[in-house]
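> Below is the sequence, then the predicted model.
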Amino acid sequence: MSAQSTARPEWTVVIDPVLQKELEQHIFVTSWPKLLEMVDTVYNWGRRSSLWPLGFGLACCAIEMICSACSRFDISRFGAEVFRGSPRQADVMIVSGTVTKTMMPMIARLYDQMPEPKYVISMGACANGGGPFKEGYNVVSGVDKYLPVDVYIPGCPPSPQALLNGLIALQHKIDGESLADAVWYKPEVDRDIPVPVLGPDLIDVRFLEITAEKTAQGLLDKSQAAMPKPLIIPAPQPEKPAEEPATPAPVALSAADRLRAKMAGTPAPAPTAEEVKPAAKPAAPAKKIKKAEARPTLAWLGNEKLKSLSDRLNEKFGAGTSEIIDAGLLLPADKLRAISEFLKSDHATRYNYLASLQSVHYEDCIEVNYHLDSTVHPGTVILLRVRVAESEGQGELPTVSDIWPGADFQEREVYDMMGVKFTNHPNLTRILMWEGYGYYPLRKDFLEPYYEGPTKVFDSRVEKGHGYHYRAEEINPYGTNMKIPKDFTGWDNLSALDDIKGKNLMPGGVQISELDTDQFVVSMGPQHPSTHGVFRMNIRLDGETVVGLKPVMGYMHRNHEKIGERNTYLMNFPFTDRLDYITSMGNNFGYALAVEQLMGDDVKVPERADYIRVIMAELTRVASHMWGIGFFLNDIGAFFTPALYAIEERELILDLFEWASGSRMMCNYFRFGGVAFDLPKGWKERCERFVYDRLDGKIDELDRFLSANEILLDRSKGVGALTAEQAIAFSTGGPVLRASGVNYDIRRAAPYSIYDRFDFNVVVGKNGDLYDRYYVRLLEMRESVKILKQAIRDLPEGPILPGKKTYQIKVPAGESYSRVENPKGELGFYVVSDGSPTAYRYHIRSPSFLNLTALETMCVGATVADVVGILGSLDIVLGEVDR
Amino acid sequence: MVIGKGILIGHLVTIRRFLLTFTHDFKIGEFFKRRGGGELAVDFFTRPKNQTTVKQDYTTEGIFTVEYPDERLPVYERFRVLPVLVYDNEDGNVRCTCCNICAKVCPPQCIWMSQAHSPEGKPVTLPEEYYIDMDVCMNCGMCSEYCPFDAIKMDHNFELSNYERHQTHIYSLQDLLVSSEFYAKTHPDAYASPEEVAERGKVTKKKDQRLQKALQLSRG
């Protein structure tokens, strides 16, 4: 210390320099960044504790996201319960589910509209990297191709607890942020995402030039030209007398040969097979593919009656009109309408219910086929086949959408997927893809951008000995899930402002005379809290009255059918879980039945397995109706209290599912001929107690809570009514059909499995309005409990599979259509098998999709608020609508 | 019917549930134990030290919330998230024989592997590389269901959130391995099931035979 110091000695405290340094480092605020750090702590704490998610769900994961906001997981403990309907009030976007190309522009828009600071949680395998649907032609390989993602949550689907874990991870990330380098305070940083454009494919405008260049080079076409193509089989022909057995290839080849051909991708090697065969074993007769019993579905008209119907048609419409092929009537296209009208109105069994309409691409034709049933004489299904030209865009058929209005959407789907035109269809536009999409994806000659081979199993993606593996992106020259026709030229006309998807679906409307206002069109959806997913309606309004409505769908089209035609039969099970993700057990059931129908007596489901199946299906019904009622009440304004009560019961059912099958939602529990695992020890007892001691009481409570509520009555009585005739004509199913007073329940109309053993009533409503639909669901839960009690009581011991568990499923050639009464309505699986390990055609008749056909009729004349309720009463699930 | 009666009854239902929320936990005497860190009333304000598992079943009334991360739902043995590969504790051998069946049944085709080779170039029944793409895996459990060697199993860990996917979401052999001891702990019932016991017995026998053969060779 120097002598010049004027300071008094007690003022100068000698501090140990080490301590001084430490204090400066940790305690004293000595610099601006230090000060900021302190502010950061508070600032980050504030933001991390009030993350408001955008109320935005895409697919299955959204259901788990909703569950995490319900009473069991209660995301509000993290300050994140305020799910905002508008992006402008949200902090975090939880991308929950499959990001499709159709939806991607909307997601980019939503992201751009969110104010800074904004975060993105990518929830589930699909959002992370495409997930199981990655190979689909309409799926974006991970949302991070477009948006900056903060947290990834693996899982398919991640359970609500996993989502909360992801949220905590995001909170940790926010904790580490600093005001000093927050990007959103830097004016030079533009975090907006250019909205991608729906052109011939989803086009990222950031890479427009390089995309155009690569398209002009035709790289993808070149690389795919070398790949093995899917096998195309000829359409089934009428049974010929047996003297000329082995001339055309397919019948002559053995299943193994055909399989080999399919694997190798060469089109049926007819000449080679014939050259080789006589040389190898001269005397051996060619092995025939095993054929399944020809029947359209389990409960159908029967061979004799079909013969007499065919004769009758020949008599009435001229000889040669109708021909029986594999238990279906082959009809000429020009007489289709006349015959349809006859079958619907004049024939003794009035075929007034178009159960399903689908198409199959064969070598020589595209076959459109119609499954008809009668609500007067249920269970007398017939199958009509009509064949049109095979070449792309050439097929043409008269529409039957005025005879059976339920054909409306299904014909549009056939047009969209196969390119068959329906003359005089009122609104023949693409339904799942968008106008301008370059291909008809379900045609066999369409190879997807990530096409690897005609059937699974694909080659290993490991480069042997190099420690290297590649992803699907690397087999596509664009480096992403994209395929554009080489001759595409309209690059300059692509505009993100052009809303191609909904443009052609502008509803017309009648002027309501009392109101002197202009009509205007409101686009409701695809991001809307009340549309139960990514569903959109273009609504024409006169004042507040709806005068026209067109559903716009396809925002969740994840190419289920195309993928299903490449999967082996077994592989499809977990995919069916993801159709109607609320009712995965029911979907499993339907699919198992479809393939078991083909396999015939090879798989005899053991008693115990049958009972387990029914128990699972009925538990699913209760869970689904609980969910449906909860969200219907949500939609008409009883915000979340009824839903919370109902979802509690659903959660307890999901516990049972998780215990038995391993997953809450994606059970994947059924196998051909039985179920995957036996029930774990103690399961039956707990389920018994749950059904006997709890469910009845909880349904009563719900009934007491809601059914007499005056507001509910006021909002739902007389709203959105469908008459019985309309409900049948629109091919609606399930509670929607029965609420209109039609006694038609597949469990009774065309009994499957062991439903004929149980005592239960088919619940039927009277007025077909919202209230009846709600009440039918409630009563149906009681009936399900009744069935459950009987099934649990009678559950026998025994095996759960007919034989040894095997992954090699041999399915005889033929076609089948299975129908199950899923909670949403008739779920049908149409499977065409060619004897190989994969389905040749795989189509889903989904109840949610067909129930939507009636939406416009129900909504016209109602108000916008009612539209929300009407949609809620249909209880749609988008996974099933768009598939 | 009196107008408003339905609404009133509905209110009674909600009030009942509201009261149940408070009374039920008191009634069963686990209120403090479950909500806080211990048995005492003061412990209500402390954080629980261990994660508690909350069992909910048909008797559950009142508060339904499971306060993840402090509490969590029970994990059922069959619960499946991502696949893992099991190695035997005793000798550290990977059970996988690279038979490719898991890849053959995998619905989204997210499993790729290559077979190991001996120095002489002969294929060995072991995987050299094994990859599972977590961004494609659909957690269906088919691989573990059809694996004939009990080598691939479904793990229970669902807390997998992370900040990056391109480097971390393709799991290699090293990322996938778990010990048979760990597996026995997470899947006690399956581990003790006759099928798996028989399979383990078969493997032990085979190993024993190989050992005997080697011993004979060394002796001779």
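Good, I have the coordinates.
> Point me to the residue of the stretch 751-883 of chain A nearest chain B.
Distances between the stretch 751-883 of chain A and chain B by C-beta to the nearest C-beta are smallest at A:Tyr807, namely 4.7 Å. In this view, the C-beta of every residue, glycine as well, is placed from N, C-alpha and C.
> what sits against that residue?
A:Thr568, A:Leu570, B:Ile101, B:Lys104, B:Val105, B:Met142, B:Tyr146 (C-beta atoms under 8 Å, 6 or more residues apart in numbering or on different chains).
> tell me the phi and psi of the fifth one?
Per-residue torsions, B:Val105: phi -100, psi -10 (degrees, to the nearest 10).
> Pull up the gap between it and A:Thr455, please.
Distance, B:Val105 to A:Thr455, using C-beta to C-beta, to the nearest Å: 14 Å.
> joint contacts of these two?
Taking C-beta under 8 Å, 6+ apart as the contact criterion, the common neighbours of B:Val105 and A:Thr455 are A:Thr568.
> The residue nearest to A:Pro332 when sequence neighbours are not counted: how many residues sit nearby?
Leaving aside its sequence neighbours, A:Pro332 sits nearest to A:Thr321 (C-beta to C-beta, 6 or more residues apart in numbering or on different chains; 6.5 Å). Burial of A:Thr321 is recorded as 18 neighbouring residues (other C-beta atoms under 10 Å in any protein chain shown).
> try A:Gly662
With other C-beta under 10 Å as criterion, A:Gly662 counts 26.
> Name the residues that touch stretch B:199-217?
When contacts are defined by C-beta under 8 Å, 6+ apart, stretch B:199-217 is touched by residues B:Asp88, B:Asp91, B:Arg95, B:Phe149, B:Asp150.
> how about the residue nearest to A:Pro332, what does it touch?
Applying C-beta under 8 Å, 6+ apart to A:Thr321 gives the contacts A:Leu313, A:Asn314, A:Leu331, A:Pro332, A:Lys335, A:Ile339.
> Give me the phi and psi angles of the fifth one.
So that's A:Lys335. According to degrees, to the nearest 10, A:Lys335 has phi -100, psi 0.
> Any figure for the gap between it and A:Asp346?
Applying C-beta to C-beta, the value for A:Lys335 to A:Asp346 is 14 Å.
> Next, the buried residues of the helix ranked longest in chain B.
Assignment by DSSP state H gives helix B:194-219 as the longest helix of chain B. Within helix B:194-219, the residues scored as buried using 16 or more other C-beta atoms under 10 Å in any protein chain shown are B:Glu196, B:Glu199.
> secondary structure element for the nearest residue to B:Ile9 once chain neighbours are set aside?
What sits nearest to B:Ile9 in space, not counting adjacent residues and going by C-beta to C-beta, 6+ apart, is A:Arg704, at 5.9 Å. Here A:Arg704 sits within helix A:696-706, counting by DSSP states H and E.
> Same check on B:Leu126?
Using DSSP H and E, B:Leu126 maps to strand B:123-133.
> so does that strand get close to chain A?
Yes - using C-beta under 8 Å from any C-beta of the partner chain, strand B:123-133 reaches chain A at B:Glu128, B:Glu129, B:Tyr131, B:Asp133.
> hmm, back to that, can you check the pLDDT for the residue nearest to B:Ile9?
As predicted, A:Arg704 sits at a pLDDT of 89.
> who touches it in this structure?
Counting by C-beta under 8 Å, 6+ apart, A:Arg704 makes contact with B:Ile9, B:Gly10, B:Val13.
> PyMOL command for the buried members of those residues?
A single PyMOL command suffices to select whichever of the contacts of A:Arg704 are buried according to 16+ other C-beta under 10 Å:
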select buried, chain B and resi 10+13
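> Can you name the residue of chain B nearest to chain A?
B:Asp135 (2.7 Å).
> And the strands in chain B?
Applying DSSP state E to chain B gives strands spanning B:52-53, B:71-72, B:83-87, B:111-117, B:123-133, B:152-154, B:170-171, B:177-179.
> who wins for proximity to A:Pro449 among those?
Closest of the strands of chain B to A:Pro449 is strand B:123-133, at 17.4 Å (criterion: C-beta to C-beta).
> If we go by neighbour counts, what in that closest one is buried?
Buried-residue list, strand B:123-133, by 16+ other C-beta under 10 Å: B:Leu126, B:Pro127, B:Glu128, B:Glu129, B:Tyr130, B:Tyr131, B:Ile132, B:Asp133.
> related to what we said a few turns ago, can you read off the pLDDT for the residue nearest to A:Pro332?
Predicted confidence (pLDDT) for A:Thr321: 83.
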